[in-house]
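Chemist: Return atomic coordinates for the entry below.
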Amino acid sequence: MKNLILPGNSIGNKKWAEDLDIPDKIVWNWAHWVSGVESDFDENKEAIKIKAQFENSSINILAKSIGTFVLMKLLNLGFAPVKFILCGVPLKGIKEKGVESDYLMLSKYVPEIIIQNTHDHWGSYTEVLEFIHGINPNITVISKEADHHSYPYSDEFNKYGEF
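Modeler: Predicted structure coming up:
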């Protein structure tokens, strides 16, 4: 089984994804990483490209930050990974963009887990837990004691399925 990593927005997330100790991983490269033009990032276009490339594959997805939003777009397109994990849900950005409703897909598609750092500046564990449980109280949200938006938790990801 392949494990698709949908990293965060900044190019530094490419290294994060590459450094994860996850077997059979594929790191998705966002369009703006390739072009160097930030405005080339479009979550809808990215979701369509991912679906086209992997729609006939059994695949797990690990999504971080903006990758969680792209995953919601994928789910909305009817793409259903075997398993998926979210980490670093960017609640602040979600609310700024007014796209909270995109995450309502989590009432139908349930991730293996969500991991959120306790004091992540994009959304604390407590804030994300409240947001997620407002959609589906059966989703497991795990906290990690940290005050950053980095998620180097390969061991934790690998506990939940074939990651």
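Chemist: contacts and neighbour counts: CA atoms only from here.
Modeler: Fine.
Chemist: distance of the residue nearest the centre of the chain from residue 35?
Modeler: Closest residue to the average C-alpha location of the chain: residue 63 at 2.1 Å, with C-alpha atoms, centre = their mean. As judged by C-alpha to C-alpha, to the nearest Å, residue 63 and residue 35 stand 22 Å apart.
Chemist: if you go through this structure in chain order, where are the strands?
Modeler: Using DSSP state E, the strands of the chain run over residues 2-6, 25-27, 59-64, 84-87, 113-117, 141-144.
Chemist: which residues are contacting stretch 79-86?
Modeler: Residues external to stretch 79-86 that are found in contact with it (C-alpha atoms under 8 Å, 6 or more residues apart in numbering): 51, 55, 58-64, 68, 74, 111-115, 157, 161.
Chemist: before we move on, what about stretch 124-138?
Modeler: Here stretch 124-138 has contacts from 89, 91, 103-104, 106-107, 116-119, 139, 141-143, using C-alpha under 8 Å, 6+ apart.
Chemist: buried set for it?
Modeler: For stretch 124-138, the neighbour count (16 or more other C-alpha atoms under 10 Å) marks 124-125, 127-129, 131-132, 135-136 as buried.
Chemist: Then stretch 98-109?
Modeler: Quick answer for stretch 98-109 (16+ other C-alpha under 10 Å): 102-106, 109.
Chemist: among those residues, which two are most distant?
Modeler: Comparing all pairs in those by C-alpha to C-alpha, the longest separation belongs to 102 and 109, at 12.1 Å.
Chemist: Quote the end-to-end distance of stretch 116-125.
Modeler: First-to-last residue span, stretch 116-125, C-alpha to C-alpha: 5 Å.
Chemist: from the chain's centre, how far out does it sit?
Modeler: Chain-centre distance of stretch 116-125: 14 Å, with C-alpha atoms, centre = their mean, to the nearest Å.
Chemist: Compute the mean per-residue pLDDT across it, please.
Modeler: The pLDDT scores in stretch 116-125 average 98.
Chemist: Residue 39 is in contact with residue 32, isn't it?
Modeler: Yes - between residue 39 and residue 32 there is a contact under C-alpha atoms under 8 Å: 7.0 Å.
Chemist: the more surrounded of those two?
Modeler: Per other C-alpha atoms under 10 Å, whichever of residue 39 and residue 32 has more neighbours is residue 32, with 16 against 9.
Chemist: can you pull the contacts of residue 63?
Modeler: Taking C-alpha under 8 Å, 6+ apart as the contact definition, residue 63 lies against 5-8, 71, 84-87.
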